[in-house]
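*Asks:* how does the following fold in three dimensions:
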Amino acid sequence: MVNSESHARKLAVVAFGGNALLRPEDRGTHEEQIARAKQAARWLAEIVVRGYQLIVVHGNGPQVGNILIQAEEASTNVPPQSLDVAVAQTEGSMGFLLQQAIRNRLDSIGASGEVATVLTEVQVDPNDPGFKRPTKPIGPFFTRYRAEALERDLGWTMREDAGRGWRHVVPSPRPLRILNTAVVAHMLEWAKVVIAAGGGGIPVVRGRDGQWRGIEAVIDKDYASSLLAAEMKADLYVILTGVAKVSLDFGKPGERAIDRMTVDEAEKHLREGQFPAGSMGPKIEAAIQFVRGGGSEVVITDVEHLREGLEERAGTRIVA
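*Replies:* A predicted model of the protein is given here:
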């Protein structure tokens, strides 16, 4: 039996970072994360009440980083799990917090509907160059002294992150295919909101024997959400970040915000180095990938301007 209402609704995919539930100033308690999830649910509900079904893709950098620290601290008593399993853990734990918060929020505003979380596997290439050059920052910020100790004692690769401190960086291969797309589509027959590809999805590869297995990596949630949005033929793709609009010459005297870009203009600015790999670059690349794949438009903005962004009064739009 098919839910006919789902076919009449538009589909939006929204991607946001793991710091929405765990910010640098937080201690990371369960109560803090519940409160953050409630805040996230308020602005996610804004999209639903505008007539969209919604796929939510969250980041997990801070959360996976904390799991790795916990594992290391307890390694003499409990065998540490691999990075792919840590990603799966955060898909479950963060999915639970968001699922509960979104359902409660929808109930409170009279827009009740099902909310579901999908443990999502994402295929990557075992020969992806990302495995040779770790670049994806996860976990908290460290001082240079502490970073050097972690490199020496644990063999971690540490990189300075935009003047904010040093962070653990891990392999981040590009996603090739979302394995659970059909499941997400089926769930959208009945659910208003599906949480999928959390943290970019669980990275898996297919061996020569045809068997799937996890691999030590973290996939960028912007690339994964773009791929999922394209495969699901989303009407709208929203990337939430820390700024209200994308800017050219960011941080320089001539900085200027952009209201609208074509994909050709976005690619030109990307080639010119306007969007660094460690900050806005992946978001712009994800936007280009979605529109080039047949998507209509992408909105990039922050949480505070999401409502206005949906009404084309704020944020940056990237179109064909």
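
*Asks:* and the contacts of stretch 15-22?
*Replies:* Here stretch 15-22 makes contact (CB atoms under 8 Å, 6 or more residues apart in numbering) with 28, 32-33, 36-37, 39-40, 57-64, 66, 90, 94, 97-98, 199, 221-222, 225-226, 237-241, 286, 303. Backbone N, C-alpha and C define where each C-beta goes, glycine included.

*Asks:* wait, what's in contact with residue 180?
*Replies:* Counted by CB under 8 Å, 6+ apart, residue 180 has contacts 118, 119, 120, 121, 196.

*Asks:* and those, which is closest to residue 187?
*Replies:* residue 118 (6.7 Å; CB to CB).

*Asks:* just give the closest residue to residue 142, not the sequence neighbours.
*Replies:* residue 166 (4.7 Å; CB to CB, 6 or more residues apart in numbering).

*Asks:* quick check: bridge partners of that neighbour?
*Replies:* residue 142, residue 160 (DSSP bridges).

*Asks:* residues touching it, list them.
*Replies:* Residue 166 makes contact with 141, 142, 143, 144, 146, 147, 158, 159, 160, according to CB under 8 Å, 6+ apart.

*Asks:* can you check residue 123 too?
*Replies:* 175, 176, 177, 178, 179, 204, 205, 206.

*Asks:* now it: how far from residue 138?
*Replies:* Separation of residue 123 from residue 138 (CB to CB, to the nearest Å) stands at 21 Å.

*Asks:* count the residues that sit near residue 53.
*Replies:* Neighbourhood size, residue 53 [other CB atoms under 10 Å]: 25.

*Asks:* I figured it was touching residue 13, is that so?
*Replies:* No. At 9.9 Å, residue 53 does not count as touching residue 13 under the criterion of CB atoms under 8 Å.

*Asks:* common neighbours of those two, please.
*Replies:* In the contact map built from CB under 8 Å, 6+ apart, no residue is linked to both residue 53 and residue 13.

*Asks:* keep only those of the contacts of stretch 15-22 that are in strands.
*Replies:* 57, 58, 237, 238, 239, 240 (DSSP state E).

*Asks:* can you pull the buried residues of stretch 82-96?
*Replies:* 83, 84, 86, 87, 88, 89, 90, 91, 93, 94, 95 (16 or more other CB atoms under 10 Å).

*Asks:* just send these back as JSON lines, with distance to residue 314 and pLDDT too.
*Replies:* Output for those, formatted as JSON lines (distance: CB to CB, whole Å; pLDDT from 0 to 100):
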{"residue": "83", "distance to residue 314": "37", "pLDDT": "91"}
{"residue": "84", "distance to residue 314": "37", "pLDDT": "94"}
{"residue": "86", "distance to residue 314": "35", "pLDDT": "93"}
{"residue": "87", "distance to residue 314": "32", "pLDDT": "95"}
{"residue": "88", "distance to residue 314": "35", "pLDDT": "97"}
{"residue": "89", "distance to residue 314": "35", "pLDDT": "96"}
{"residue": "90", "distance to residue 314": "30", "pLDDT": "95"}
{"residue": "91", "distance to residue 314": "30", "pLDDT": "97"}
{"residue": "93", "distance to residue 314": "32", "pLDDT": "96"}
{"residue": "94", "distance to residue 314": "27", "pLDDT": "96"}
{"residue": "95", "distance to residue 314": "29", "pLDDT": "97"}
